[in-house]
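K.L.:
got a sequence here, can you model it:
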Amino acid sequence: MNRHLTHLAAALLLLCMATACGSSGGDSGPAITVALTPGGTIATGAPSVTAQIVSSGGGTANDELRLTLGQLPPLGNDGRYQLWVVDQLSGISSLATFISFGRFNTELTTSLAFTALPATTAQLVPGSQGQVALFGPIESNEAALSAALPVDLGDYDAIWLSVEEGSDTDVIPGGASGVAPLLVGALDRTDPTTVVTLVFPATLGGAGGSIRIPVDDTGVPTGTVELSSLGLPRLADTGAAFTYELWLQNGQGSRASLGRFNVDAAGRVATIPSPFGALATTALATGDQLLISIEPLDDPEPDTLYPFIPLSGQFVLP
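P.N.:
Take a look at the predicted model:
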């Protein structure tokens, strides 16, 4: 085989590991399998926040946000959530104006706890889950507005929540990889006080897939990972600077990352080499689970799973 054919064969092998690729034996014979389903055996759900604009009574209308936190896990020592109001047209400009109401983190608590935020910015309301551990000063990417709050939030289009690294000092949601909202919600300018639900800017309801790892008579993988299309959305199309990450979790709850990956428009794994290929050389045991999480590209804790898990499933050994 010449050099070009050798390279072609290697590329085809990687493609088989990244997409659905049948073995010579088809679906017959012993195999390790896993069905990846929404939430699967790990019930995490998407992060969520609801927000409502009110008037603080200080003389400026619609100058305060009240938040209800859903599943918003702590980010660790180097991570912060940041709350923004967004003017998506910014007057006659096509660029968005972002005004930050500050940064905060959350804490795990054994009971519901509420911490008031600065009165002219935002506050938690009964029903929130978790506790705000800190809240920073107001910032803006428009110099004229950097110290102009309170402002009438009814003049803005949306509320965003982003994940930030602790060392990030810019005034744009997200980090070096670009504007990256974790959750977004549109404001109703005809009635700014309408409750807004902030959601992830990609639809994950149609996701799902399966994996088959053929094994020999002794239970050793043969080297081919057969992966169906996952149906996950391509996150680059949403404007969110996030990516997918594959994790292997054992029966005791310990987990290790197998790598990050992207998908194409059809929901097939587009990263080569595919992290799923590592399953062909990984010892698997009863109780092991496979998790797919959504992680920030500028991840404040790259070695830690962010518990936003659209797909997971448990391995079934032959």
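K.L.:
use CA for all of it now, contacts and neighbours both
P.N.:
Noted.
K.L.:
next secondary structure after the host helix or strand of T68?
P.N.:
Using DSSP states H and E, T68 maps to strand 64-69. Moving toward the C-terminus from strand 64-69, the first helix or strand encountered (DSSP H and E) is strand 79-87.
K.L.:
hmm, N105 and L75 touching each other?
P.N.:
Yes - applying Cα atoms under 8 Å, one finds L75 in contact with N105, separated by 6.6 Å.
K.L.:
ranges for the strands of the stretch 151-300 of the chain?
P.N.:
Counting by DSSP state E, counting those that start in this stretch, residue ranges of the strands within the stretch 151-300 of the chain are 158-165, 174-175, 178-179, 181-186, 196-198, 209-214, 226-227, 242-249, 255-261, 289-296.
K.L.:
CA atoms only: put the first one into PDB for me.
P.N.:
Listed in PDB are the C-alpha atoms of strand 158-165, where the atom choice follows Å, rounded to 0.1, in the frame of the first residue of the first chain:
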ATOM      1  CA  ALA A 158     -32.900  40.700  26.500                       C
ATOM      2  CA  ILE A 159     -31.400  39.300  29.800                       C
ATOM      3  CA  TRP A 160     -28.400  37.000  29.600                       C
ATOM      4  CA  LEU A 161     -26.500  34.900  32.000                       C
ATOM      5  CA  SER A 162     -22.900  34.000  31.200                       C
ATOM      6  CA  VAL A 163     -20.100  31.800  32.700                       C
ATOM      7  CA  GLU A 164     -16.900  33.800  33.300                       C
ATOM      8  CA  GLU A 165     -13.400  32.900  34.400                       C
END
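K.L.:
can you give me how far it is from the chain middle?
P.N.:
Mean-position distance between strand 158-165 and its chain equals 12 Å (Cα atoms, centre = their mean, to the nearest Å).
K.L.:
just want the angle from it to strand 289-296.
P.N.:
Computed by axes from the mean of the first three to the mean of the last three Cα atoms, to 10 degrees, the angle separating strand 158-165 from strand 289-296 equals 110 degrees.
K.L.:
could I get the strands of the stretch 151-300 of the chain as TSV with mean neighbour count?
P.N.:
Compiled in TSV, the strands of the stretch 151-300 of the chain are given as follows (neighbours: other Cα atoms under 10 Å):
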stretch	mean neighbour count
strand 158-165	24
strand 174-175	24
strand 178-179	14
strand 181-186	23
strand 196-198	20
strand 209-214	22
strand 226-227	24
strand 242-249	21
strand 255-261	17
strand 289-296	23
